[in-house]
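> Prediction below, plus the sequence it came from.
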Amino acid sequence: MLKIREALSDEIELIRNQRGKAHEDHAKVAQLLSPFLPFSSEKVKEMLHLDTYHWQSIERVCYQITQVSLLLERIEINRIEEVSEA
């Protein structure tokens with residue numbers, strides 16, 4: 001039983017580390033894309049509870065995301081066809 005508990009504890013720590021790394025990567029991509037996609041980048045910054053972007057390395061970000069929303073609205077296929085016909 002103790003070995004199972006230790007194995008689970010190790011797995012949970014691994015998952016936390018992976019999730020933290022994923023959040024860091026998202027923050028870095030949002031920072032890099034901020035000049036090109038300012039509104040989406042701003043939404044990611046708010047979701048990850050980041051301060052203003054500085055052109056420095058981002059190390060640790062919040063591990064708990066409290067609010068998630070879509071970055072962009074879906075464009076319906078019929079709307080694409082209308083625009084491409086015009």
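Sure, I can see it.
> burial count for Ala30?
The number of residues packed near Ala30 is 22, by other Cβ atoms under 10 Å. Yep, even glycine has a C-beta here, placed from its N, CA and C like the rest.
> what residue is smack in the middle of this structure?
His26 (4.1 Å; Cα atoms, centre = their mean).
> buried stuff in the helix or strand where Gly20 lies?
Element membership of Gly20 [criterion: DSSP states H and E] is helix 2-33. For helix 2-33, burial by neighbour count (16 or more other Cβ atoms under 10 Å) applies to His23, Glu24, His26, Ala27, Ala30, Gln31.
> Show me what it is packed against.
Applying 3 or more Cβ pairs under 8 Å, 6 or more residues apart in numbering; DSSP states H and E, one finds that helix 2-33 contacts helix 38-47.
> Alpha carbons of the helix it packs on, in PDB - could you do that?
Extracted in PDB, the C-alpha atoms of helix 38-47 (Å, rounded to 0.1, in the frame of the first residue of the first chain):
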ATOM      1  CA  PRO A  38      -3.000  41.900 -29.100                       C
ATOM      2  CA  PHE A  39      -6.500  41.000 -28.000                       C
ATOM      3  CA  SER A  40      -5.900  37.200 -27.900                       C
ATOM      4  CA  SER A  41      -2.600  37.800 -26.100                       C
ATOM      5  CA  GLU A  42      -4.300  40.000 -23.600                       C
ATOM      6  CA  LYS A  43      -6.900  37.300 -22.900                       C
ATOM      7  CA  VAL A  44      -4.200  34.700 -22.300                       C
ATOM      8  CA  LYS A  45      -2.400  37.200 -20.000                       C
ATOM      9  CA  GLU A  46      -5.500  37.600 -17.900                       C
ATOM     10  CA  MET A  47      -6.200  33.900 -17.700                       C
END
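> Quick one: list the elements packing against that helix.
Judged by 3+ Cβ pairs under 8 Å, 6+ apart, the packing partners of helix 38-47 are helix 2-33.
> what's near enough to touch the nearest residue to Ser41 once chain neighbours are set aside?
Distances taken as Cβ to Cβ, 6 or more residues apart in numbering put Ser34 closest to Ser41, at 3.9 Å, once the chain neighbours are dropped. Each residue near Ser34 by Cβ atoms under 8 Å, 6 or more residues apart in numbering is listed here: Ser41, Glu42, Tyr53.
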